[in-house]
Each structure stands twice: as C-alpha cells, then as structure tokens.
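1. here's a sequence, model it:
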Amino acid sequence: MTSLADRVLENVPSECITDLCDRDGCSIDLTDSPKPYTLVDMDHPKGPANQSQSRCDYIFVGGDDWVAPIELTSGRADASKFLRQLQAGADIAEKIVPPGRDFRFRPIAVYGRESHPAEINQLRDTIRITFRCQQERIRLVNCESRLPDALNSAT
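-> This next block holds a predicted model:
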C-alpha cells in the first residue's frame, strides 16, 4: 500500500520537497517525526501555491495519517497572521492530500519571541483551522521545538 506521504509526492513538484523546516531564524526539529513523511516548502516558486496568495511556510504529511500546515516566525505570535496563513495552508493541503483516508490534522504555529498573553490565549482557545470539515485549534510551540511533540500535544 502506498503511504499518504508518497501519494502527496505525486501531486507536487519534487523541487518543493525539503528535509528542513526553517524560516528566517526559526525552525522546528523533525527528528523522530512520523515516517515516511513529505515536507512541502510552500514558498518554493514551483510549490503548489500561487506565490502572490496567502500560504503557510510548510505542509507536513507524515506517518500514514498526519497532515500539518506549519507557519514559522522568529517574532511574536500574531493571531491574525497565523489564522490567515494556516487556513490558507489547510486549503492548499485539501488539493494535494488525496481524499479517502483517515487523517489527523494539526495546524502548527511556531514563534520565537515572548508574546502578549492575549494573543496566546486567542490562538490556543478561540481560533480554529478547518480541513475537510474537521476543525482544530492551532498548536503553538516555540522555535527549535520538536515536531513530534507539537503533533501529539493536546493544545
């Protein structure tokens, strides 16, 4: 049986596939991430998003059931930016992730600097990202966090 990650590879150009999840001094560690996985660099010119439209930084598809749009910023958490970018990433994932499989969806926001508690609370408690009729809260993690921890966290 072909893995979900391999099936995504059929829907995106190979040039936009990467092994590093790093943007502007902020990264998330992929060590021990569910395998096999495909990490799509959404900022690559040949990526599945029009470069003039909103999009997240990466889409992670791993194991046989994880779909995770990821937005990174070395700055403070910004609820409106994370909402816009991660929902755009989820919308693009709908096009590149084949239907017909069960999946676990986790939008992940990675930030670097201490942020206002109101922004953090809004992101953790209020904002939801929708992917194929499933709504999930954004998982907030600091730069240099591990992706497996973000995928498995409850909040």
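2. residue closest to the middle of this protein?
-> What sits nearest the mean C-alpha location of the chain, by CA atoms, centre = their mean, is residue 69, with 1.8 Å.
3. need the three-state assignment for it.
-> Of the three states, residue 69 takes strand under DSSP: H, G, I helix; E, B strand; the rest coil.
4. mind starting the numbering at 389 from now?
-> In the new count, where the first residue is 389, that last one comes out as residue 457.
5. do a quick rundown of the helices in this protein.
-> With DSSP state H as the criterion, the chain has helices at 392-397, 467-484, 505-509, 535-540.
6. which stretch in those has the least confidence?
-> With a mean of 76, helix 505-509 has the lowest mean pLDDT of the helices of the chain.
7. can you list contacts of it?
-> 464-467, 528 (CB atoms under 8 Å, 6 or more residues apart in numbering). From N, CA and C alone the C-beta is placed, and that goes for glycine too.
8. go again using 6 Å as the cut-off
-> For helix 505-509, contacts defined as CB atoms under 6 Å, 6 or more residues apart in numbering pick out 465, 467.
9. same deal with stretch 438-448?
-> Outside of stretch 438-448, the residues within contact range by CB under 6 Å, 6+ apart are 409, 411, 427-428, 430, 437, 456-460, 472-474, 476-477, 481.
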